[in-house]
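Colleague: here are the coordinates; sequence isn't available:
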């Protein structure tokens, strides 16, 4: 199997189809990468692109996308509900096959250096690529957003890792990082009481004393008149999907509320779900080599 | 993704390493196929080979293996615990990717015709490739075994589908077929009472009024001093792994016996386990396209 890295850049345009296509073309037209998915949200005025490829391929595609976005998007005119600090807001690299986290961190560094030098955009390395603990969490890096960064960037502790030490007025700043794949997993409850979903979310998530690699919030599903606990499982190898699921069920019991379903949003690594089958079926000594498709692609 | 068929021939030599390697070489030396696994059992005096490839590749490899086995194995001297009717006993073709069952049936027919014509071995088509209902079940086709086939083959209803209407004394007869992938799945019980495992097996399996696509028997695990319900799930899309597992648990309850674990033997299609994760996590509207690895290999 070849070296494959996944890259999931988020950029600050979710309305103008022509601009969105022009930016995604930066990936499409790069050799050695494969565009898997892209989707835009009008309320967030933001798009998410997913592509995979060789280390050199994803580096080149991510740069091309950033270059086009920096020419196409004007952050002085941008409005949207989702927090953001730049035209391309965040670029994570994720190891998929035959690649270590260290190699993803190296690609993040090389991309950051190039964006800083060629595009004059300040770059912050985050998550596994962070140079210090205070820049590990994306929310900490992004706090203050585009508007607040003109002041924030002047502080010594927020000196960019690459690029100029002043904001790029048109393009803002960008966070480049490396992380394990995350799984977006929502659990639907048999109630329309949003307080219950919020209370369960607080108990299950890390900051509320819950599971280490879980971020969670309550969400209302208007059309179905139910609520859900919407989670990001930021490391399914440490905090497995089944553990988050069972903990939501456990907390829901106090309200006599049943779990009526769940959903996996977007893509998930195979192993995140195979781990759940292993748990519930109590399989002993299972190896991913026993998956027929894995053996074929070896 | 390319057209891929899996082929799992069983041949009647499980002791002589030199002969086994010579026969497996029939697969190794064929272009367009990939040997995934082979294992031999001395008590059964029998080997199982697993390989995948293009339709033309698996046809060629299966013929090469059969030809070498027919030259290497002398059935007049064969003894072993497992029922068998020939030097190569059974050759199933299994659709894996971008291939229909009909294409596997066609390959089974072409292989059968060639084995009959070039090697003068009587051929019976079974399972999905069977020409009549009475030949669908391998156990029915093989009943009487090698020794009994000299008489059985003379009966009008057991006229071979291809090849001569008399037994090949050295090589016996062969069953060639097409089927969905099977999952070998064993559930371990917290008891050493083999009667309990046998009773549960009888309730769970098709012939005992249980699940349609389950074959099951009780087995003693001497070294762990426990028993298990050993199952072949012959169609995991119809009878899912979780359903067989939950039914074993349910029947075990009458004896107050806990399920202490389970095992998947050999290879399993990814979907057989993903279906279980979907069930236990109550995932709504999941698509196999959401598996990252599937999207990459598309």
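Modeller: That came through fine. Small disclaimer: the values here were computed from a predicted structure and weren't measured.

Colleague: and whatever residue of the stretch 51-200 of chain A ends up closest to chain B, how many neighbours does it have?
Modeller: At 5.5 Å from chain B, residue A:52 is the closest residue in the stretch 51-200 of chain A, using C-beta to the nearest C-beta. (Each C-beta comes from the backbone N, C-alpha and C, glycine too.) As a burial measure, the neighbour count of residue A:52 was computed by other C-beta atoms under 10 Å in any protein chain shown and equals 23.

Colleague: next one: residue A:246
Modeller: Neighbourhood size, residue A:246 [other C-beta under 10 Å]: 16.

Colleague: which stretches of the stretch 1-150 of chain A form helices?
Modeller: Secondary structure of the stretch 1-150 of chain A (DSSP state H, counting those that start in this stretch): helices located at A:17-28, A:55-72, A:101-119, A:138-142, A:145-152.

Colleague: Would you mind finding the most buried of the ones you listed?
Modeller: Per residue and on average, the most neighbours among those fall to helix A:55-72, with a mean of 22 (mean count of other C-beta atoms under 10 Å in any protein chain shown).

Colleague: isn't the residue of the stretch 51-200 of chain A closest to chain B right next to residue B:297, touching?
Modeller: No - under the criterion of C-beta atoms under 8 Å, residue A:52 is not in contact with residue B:297, lying 10.4 Å apart.

Colleague: want to throw the helices of the stretch 1-150 of chain A into TSV with distance to residue B:99?
Modeller: Rendered in TSV, the data for the helices of the stretch 1-150 of chain A read as follows (distance: least, C-beta to C-beta, whole Å):
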stretch	distance to residue B:99
helix A:17-28	30
helix A:55-72	30
helix A:101-119	36
helix A:138-142	44
helix A:145-152	52
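
Colleague: neighbours around the closest residue to residue A:196 other than its chain neighbours, how many?
Modeller: Taking C-beta to C-beta, 6 or more residues apart in numbering or on different chains, and ignoring the residues beside it in sequence, residue A:196 has residue A:255 as its nearest neighbour in space, at 5.1 Å. Counted with other C-beta under 10 Å, the burial measure for residue A:255 works out to 16 neighbours.

Colleague: For residue A:255, give me its contacts.
Modeller: Counting by C-beta atoms under 8 Å, 6 or more residues apart in numbering or on different chains, residue A:255 makes contact with A:191, A:193, A:196.

Colleague: Roughly how far does it sit from chain B?
Modeller: For residue A:255, the distance to chain B under the criterion C-beta to the nearest C-beta, to the nearest Å works out to 18 Å.

Colleague: and the stretch 151-298 of chain A, which residues reach chain B?
Modeller: Within the stretch 151-298 of chain A, the positions adjacent to chain B are A:181, A:188, A:241-242, A:245, A:259-264, A:266-270, A:273-274, A:276-278, A:280-286, A:290-297 by C-beta under 8 Å from any C-beta of the partner chain.

Colleague: Buried ones among those residues?
Modeller: Buried residues within these, defined by neighbour count using 16 or more other C-beta atoms under 10 Å in any protein chain shown: A:181, A:188, A:241-242, A:245, A:259, A:261-264, A:267-270, A:273-274, A:276-278, A:280-281, A:283, A:286, A:290-296.

Colleague: Show me the residues you listed that map onto helices.
Modeller: Here DSSP state H is the test, and those give A:241-242, A:245, A:270, A:273-274, A:276-278, A:280, A:292-296 as lying in helices.

Colleague: Let me know whether residue A:93 touches residue A:109 as I believe.
Modeller: No - the pair formed by residue A:93 and residue A:109 falls short of the contact definition of C-beta under 8 Å, at 10.2 Å.

Colleague: Return every residue with contacts to both of those two.
Modeller: Any residue near both residue A:93 and residue A:109 by C-beta under 8 Å, 6+ apart counts here, and that gives residue A:129.

Colleague: so who does the residue of the stretch 51-200 of chain A closest to chain B touch?
Modeller: A:4-7, A:33-34, A:36, A:58, A:96, B:296.

Colleague: Just the buried ones from these, in PyMOL syntax?
Modeller: The PyMOL command for the buried members of the contacts of residue A:52 (criterion: 16+ other C-beta under 10 Å) is given here:
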select buried, (chain A and resi 4+5+6+7+33+34+36+58+96) or (chain B and resi 296)
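
Colleague: From the contacts of residue A:52, which land in strands?
Modeller: When strands are assigned by DSSP state E, the members of those inside them are A:4-7, A:33-34, A:36, A:96.

Colleague: mind checking how far stretch A:195-215 is from the chain centre?
Modeller: Centroid separation between stretch A:195-215 and its chain, computed with C-alpha atoms, centre = their mean, to the nearest Å, is 19 Å.

Colleague: Below-threshold pLDDT in chain A: ranges please.
Modeller: Within chain A, the set of residues satisfying pLDDT under 70 comprises A:1.

Colleague: what's the spacing between residue A:117 and residue B:145?
Modeller: 76 Å (C-beta to C-beta, to the nearest Å).

Colleague: so who does the closest residue to chain B within the stretch 1-150 of chain A touch?
Modeller: Scanning the stretch 1-150 of chain A for proximity to chain B using C-beta to the nearest C-beta identifies residue A:36 as nearest, at 5.0 Å. Contact partners of residue A:36, counting by C-beta under 8 Å, 6+ apart, are A:50-52, A:267, B:295-296.

Colleague: can I get these in CSV with distance to residue B:16?
Modeller: Converted to CSV, the contacts of residue A:36 look like this (distance: C-beta to C-beta, whole Å):
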residue, distance to residue B:16
A:50, 53
A:51, 52
A:52, 47
A:267, 49
B:295, 46
B:296, 42
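
Colleague: If we only consider the residues you listed, which is nearest to residue B:166?
Modeller: Closest approach between the contacts of residue A:36 and residue B:166, by C-beta to C-beta: residue B:296, at 52.5 Å.
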